[in-house]
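**Student:** Build me a structure from this.
(one chain, ligands or ions: 1)
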Amino acid sequence: MINFKQQLTKNFKLGEFFLLGTADWKPEYLENIKKLCAILQDVCDHFDDHCIITDGYRPVSVKVKGGAKFSQHLTASAVDFHLQKTDIRKVYNYLNEKYGNNGLAMSILSNFIHFDIRGTKARWAYNY
Ligand SMILES: [Zn+2]
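**Tutor:** Residues are numbered from 1 along each chain as shown. The predicted model follows:
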């Protein structure tokens, strides 16, 4: 069972990561979300801002525009988000400096950051 109300850090509840439902979920993915949350909490604290998650766990059976076949979202290792007030370029630079050995990309057009905990450096650009 997934407890949506589970408080993972000060600012984050588990339910925030399930915008596309809970299909294909595996319990071991929870550890990935916990790691992501610790970093997101650090970002919120650093900028004293609120985080809006727009894509978290992505069930493999749900087709997403622009979604990669082997996306880190499929194992809940990735999050797309923005902060309420802070420019995403500042957030990008912060993540790049402090957690750079991971997947990181931003869309200026759609105002979101993709961050994932793959453990190796990956960067790319969005055309939307
Ligand atoms: Zn993403």
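
**Student:** CA atoms for contacts and neighbours, from now on please.
**Tutor:** Noted.

**Student:** Can you say which helix or strand has the spatially most central residue of the chain in it?
**Tutor:** Central residue check for the chain by CA atoms, centre = their mean: the C-alpha nearest the mean position is that of Val79, 1.3 Å away. Per DSSP states H and E: Val79 is located in strand 78-83.

**Student:** which residues are in contact with that strand?
**Tutor:** The contact list for strand 78-83, computed with CA atoms under 8 Å, 6 or more residues apart in numbering, reads 17, 36, 44, 49-57, 72-73, 88, 111-117.

**Student:** how about 7 Å then?
**Tutor:** Contacts of strand 78-83 with the rest of the structure, by CA atoms under 7 Å, 6 or more residues apart in numbering, involve 49-56, 72-73, 88, 111-117.

**Student:** May I see the buried residues of the helix or strand just after it?
**Tutor:** Next along the chain after strand 78-83, taking DSSP H and E as the criterion, comes helix 88-98. For helix 88-98, a neighbour-count test (16 or more other CA atoms under 10 Å) marks 88, 91-92, 95-96 as buried.

**Student:** and if you look at stretch 22-39?
**Tutor:** Neighbour count says stretch 22-39 has 25, 30, 32-34, 36-37, 39 buried, by 16+ other CA under 10 Å.

**Student:** what do you get for stretch 50-64?
**Tutor:** Buried residues in stretch 50-64, counted by 16+ other CA under 10 Å: 50-51, 53-60.

**Student:** can you tell me which of the residues you listed are in strands?
**Tutor:** Among these, the members falling in strands (DSSP state E) are 51, 53-55.

**Student:** Now those in TSV, please, with extra columns for pLDDT.
**Tutor:** Compiled in TSV, those are given as follows (pLDDT from 0 to 100):
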residue	pLDDT
Cys51	98
Ile53	98
Thr54	97
Asp55	96
